[in-house]
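turn this into a model:
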Amino acid sequence: MILLKDIVPAAQNNIDTKFIVLEKGMTTLEGQNKVCLALVADETAAVHFQLWGDECDVFDLGDIICLTNGIFSYQRNNLLLRAGKRGKLVKIGEFTMSYVETPNMSEIHWIPDPNNSRTYIQEHVVSPHSRIFPPNP
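Numbering: from 1, shown residues only. Presented below is the predicted three-dimensional model:
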């Protein structure tokens with residue numbers, strides 16, 4: 001299992017991790033499919049997570065989810081963690097998991113690694129917290 005602080009953008013499905021759902025945005029339609037953005041976190045970082053289709057209705061706030069074969073990549077200029085076509089999401093518990101909301105890995109600007117064109121490195125932090133799900137005052 002990889003910790004959220006250790007994920008980097010990639011084009012392949014290889015992320016196995018677990019996290020808790022902190023917030024969910026509105027469900028919208030993209031063509032015939034439902035899409036919902038969520039804020040998820042583990043004990044090391046947070047990230048924006050895209051729920052697709054029935055996943056929008058199946059998972060709720062406080063659910064602890066295990067993701068296998070996930071992907072962390074750009075979707076319409078937003079860096080999102082998602083299951084993708086080969087990934088799998090399984091609810092493994094609820095409400096009892098330590099987490100942090102910063103750093104948010106989706107709020108980091110990534111650039112190609114000059115030493116390895118197949119990987120990315122962090123250039124700078126865009127925002128210390130989620131701009132989509134801002135912290136409560």
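
now the helices for this protein?
All helices of the chain, identified by DSSP state H, fall at 55-58.

which stretches of it have low pLDDT?
11-12, 75-77, 136-137 (pLDDT under 70).

so how far is residue 121 from the residue of it most remote from its centre?
Distance to the chain centre peaks in the chain at residue 115, reaching 26.2 Å (criterion: CA atoms, centre = their mean). Distance check for residue 115 against residue 121: by CB to CB, to the nearest Å, it reads 9 Å. Backbone N, C-alpha and C define where each C-beta goes, glycine included.

isn't residue 66 up against residue 18?
Yes - applying CB atoms under 8 Å as the test, residue 66 and residue 18 come out as touching, 4.7 Å apart.

need the residues touching each of these two.
Each of residue 92 lies in contact with both residue 66 and residue 18 under the rule CB atoms under 8 Å, 6 or more residues apart in numbering.

with neighbour numbers in mind, choose between those two.
Relative neighbour count places residue 18 above the other of residue 66 and residue 18, with 19 against 16, counting by other CB atoms under 10 Å.

much appreciated, bye for now.
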